[in-house]
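Chemist: Quick one, what's the 3D model for this:
(one chain, ligands or ions: 1)
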Amino acid sequence: MTGKHVLIGVTGSIAAYKTATLVRSLVKKGAEVKVVMTEKAKEFITPLTLATLAKNPVLVDFFDPTDGRWNSHVSLGEWSDLYLIAPASANTLAKMANGVADNLVCTTYLSAKCPVWVAPAMDLDMYRHEATQRNLDRLRHDGVHIIEPTDGELASGLIGKGRMEEPERIADAVEAYFAQPKPLAGKNVLITAGPTYEKIDPVRFIGNYSSGKMGFCLAEACANYGANVELVSGPTALTAQHPNIHVTPVESADEMLAAALHYFEASDICIMSAAVADFKPITVADSKIKRTGDNLHIELQPNPDIAATLATHKHKGQITVGFALETDHEENNALDKLKRKKLDFIVLNSLKVANTCFGYDTNQVTIYDAKGNKSDFELKSKAEVAQDIVNTLLPCLK
Ligand code: CTP
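Modeler: Below you'll find the predicted structure:
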């Protein structure tokens, strides 16, 4: 881990005594470690202990009255390759989930451009409380990696889930994270994701149920492999946290095409996972269409085919990947799209498989390539499916 900067956040939980071992393990593995603490954390472990082990001063306040120095959360956030809050108390998790910025640990979270990990530690009732679970869900959604607490005897004497993971295991996980291969380092990846909305009038649109999850998982998988990712996304509730992912939010297919064309030339890989609306209203009403009691006829015209348009701009060495969501004649339709859109790979989702596609966290896919190869995969989480897709196309990359 030589050259890796790990920032440790310490909050008010009895498990803070384990942070001493965590800091020591990371330093022994070669990482450079800095520590930020909350005021309450100082009641559980002294800054002197952690500063001695980290070989760096420990920061608690925004302002250091002894030398008048301003402890900048922005530069701390920029310095870090990983921000690991261990232990993360229920209170700090709640603040992070809501963007509260009243101490250095929390402001640094809001400034961090690196991946953020939290190792929760608390009593079992606090851990299983709906409010805490809601906050953890929120943080997961915001891209924070949660190191699950373990089961066992807690400081209160009660037995249950809430113990912070053992520090040596956390240090091993950090080391494994940094040891991950980066086969896409220096590569540009363009991904389209989510639905498109086609305006009918100022308050209505034609859309579809796509959540964007598959595209966001693909972006994350590529970014973890070191790629610079341009994620062109239709309307979605998701956010991307990885610093290598740049999101261009769009609404309509026309906007998605314009953004995709902008980034396509520079891309080495282009993955089109968006569920593009096939049609758009020929005219968009300027004001809200009123109910008259009569039927309403909206004439639609075809949207541009983004994948097919990009294919006409394709240059040598570029890899393009499309998706086919089919209900009948799945294989034939997928292979037809592979050819028609001049793709190198097509990922087939069948709507006949339960718990797949729109809105679900799982997916089951078959990947076909233009050379006639076919790979079947089992039902997996969308993050694992994304990993399978990226691993499948890696050997073709020049
Ligand atoms: N696609 C696209 N632009 C469109 C429609 C689809 O780029 N206007 C892309 C999708 O992102 C996907 C692939 O083409 O990667 C196949 O999408 P799908 O909707 O299954 O194909 P269509 O060409 O729309 O065919 P159909 O809806 O008739 O099955």
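
Chemist: partners of the residue in the stretch 101-250 of the chain positioned nearest to the ligand in the sheet?
Modeler: Of the residues in the stretch 101-250 of the chain, the one nearest the ligand is Thr192, at a distance of 5.8 Å by CB to the nearest ligand atom. Just so you know, the C-beta spots here come from the backbone N, C-alpha and C atoms, and that holds for glycine as well. For Thr192, the beta-bridge partners are Val232, Met272 (DSSP bridges).

Chemist: How many neighbouring residues does it have?
Modeler: Other residues near Thr192 number 33, with proximity taken as other CB atoms under 10 Å.

Chemist: now swap in Arg24 and tell me
Modeler: Should you count by other CB under 10 Å, Arg24 turns out to have 18 residues around it.

Chemist: sec struct for it, please.
Modeler: Going by DSSP: H, G, I helix; E, B strand; the rest coil, the secondary structure assigned to Arg24 is helix.

Chemist: which non-adjacent residue is nearest it?
Modeler: Counting by CB to CB, 6 or more residues apart in numbering, Arg24 lies nearest to Leu53, which is 4.9 Å off, once chain neighbours are set aside.

Chemist: which phi and psi does that neighbour have?
Modeler: phi -70, psi -40 (degrees, to the nearest 10).

Chemist: go on, Leu139?
Modeler: Leu139 adopts backbone torsions of phi -70, psi -40, taken as degrees, to the nearest 10.

Chemist: Tell me the spacing between it and Lys28.
Modeler: With distances defined as CB to CB, to the nearest Å, the gap from Leu139 to Lys28 amounts to 29 Å.

Chemist: same check, this time on Ala179
Modeler: Using CB to CB, which is the criterion applied here, Ala179 is 16 Å from Lys28.

Chemist: Those two: which is more packed in?
Modeler: Neighbours per residue, other CB under 10 Å: of Ala179 and Lys28, the larger number sits with Lys28, 11 against 8.

Chemist: so the residue of the stretch 101-250 of the chain closest to the ligand touches Ile306, yeah?
Modeler: Yes: using CB atoms under 8 Å, Thr192 is in contact with Ile306, at 6.5 Å.

Chemist: what touches both of the two?
Modeler: Common contacts of Thr192 and Ile306 (CB atoms under 8 Å, 6 or more residues apart in numbering): Met256, Ala260, Met272, Ala274, Val276.

Chemist: so what's the third one up against?
Modeler: Going by CB under 8 Å, 6+ apart, Met272 touches Ile191, Thr192, Ala260, Ile306, Ala307, Leu310, Thr320, Val321, Gly322, Phe323.

Chemist: One more pass at 7 Å, please.
Modeler: By CB atoms under 7 Å, 6 or more residues apart in numbering, the residues touching Met272 are Thr192, Ile306, Ala307, Val321, Gly322, Phe323.

Chemist: which two in those residues are spaced the farthest apart?
Modeler: Of all pairs drawn from the contacts of Met272, the greatest distance, 12.8 Å, lies between Ile306 and Val321 (CB to CB).

Chemist: Please, where are all the strands along the stretch 151-300 of the chain?
Modeler: Counting by DSSP state E, counting those that start in this stretch, one finds strands in the stretch 151-300 of the chain at the ranges 159-163, 188-193, 198-201, 204-206, 228-233, 245-249, 269-272, 279-281, 300-302.

Chemist: got these as a markdown table, with mean pLDDT columns?
Modeler: Listed next are the strands of the stretch 151-300 of the chain as a markdown table, based on pLDDT from 0 to 100:
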| stretch | mean pLDDT |
| --- | --- |
| strand 159-163 | 89 |
| strand 188-193 | 97 |
| strand 198-201 | 98 |
| strand 204-206 | 97 |
| strand 228-233 | 96 |
| strand 245-249 | 92 |
| strand 269-272 | 98 |
| strand 279-281 | 98 |
| strand 300-302 | 98 |
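
Chemist: any chance of the ones you listed in TSV, plus distance to Met126?
Modeler: TSV is the format used below for the strands of the stretch 151-300 of the chain (distance: least, CB to CB, whole Å):
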stretch	distance to Met126
strand 159-163	7
strand 188-193	36
strand 198-201	47
strand 204-206	43
strand 228-233	36
strand 245-249	33
strand 269-272	41
strand 279-281	50
strand 300-302	53
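
Chemist: out of the ones you listed, nearest to Leu393?
Modeler: Across the strands of the stretch 151-300 of the chain, Leu393 has its closest neighbour in strand 269-272 (6.7 Å, CB to CB).

Chemist: For the stretch 51-200 of the chain, which residues are neighbours of the ligand?
Modeler: For the stretch 51-200 of the chain, the residues in contact with the ligand (CB under 6 Å from any ligand atom) are Thr192.

Chemist: Any stretches of the stretch 51-200 of the chain with poor pLDDT?
Modeler: 65, 68 (pLDDT under 70).

Chemist: ditto for the stretch 251-398 of the chain
Modeler: Regions of the stretch 251-398 of the chain meeting the criterion pLDDT under 70 cover residues 352-359.

Chemist: How much space separates the closest residue in space to Asn303 that isn't next to it in sequence from Thr309?
Modeler: Nearest non-adjacent residue to Asn303, counting by CB to CB, 6+ apart: Ala253, 3.9 Å away. Distance check for Ala253 against Thr309: by CB to CB, it reads 10 Å.
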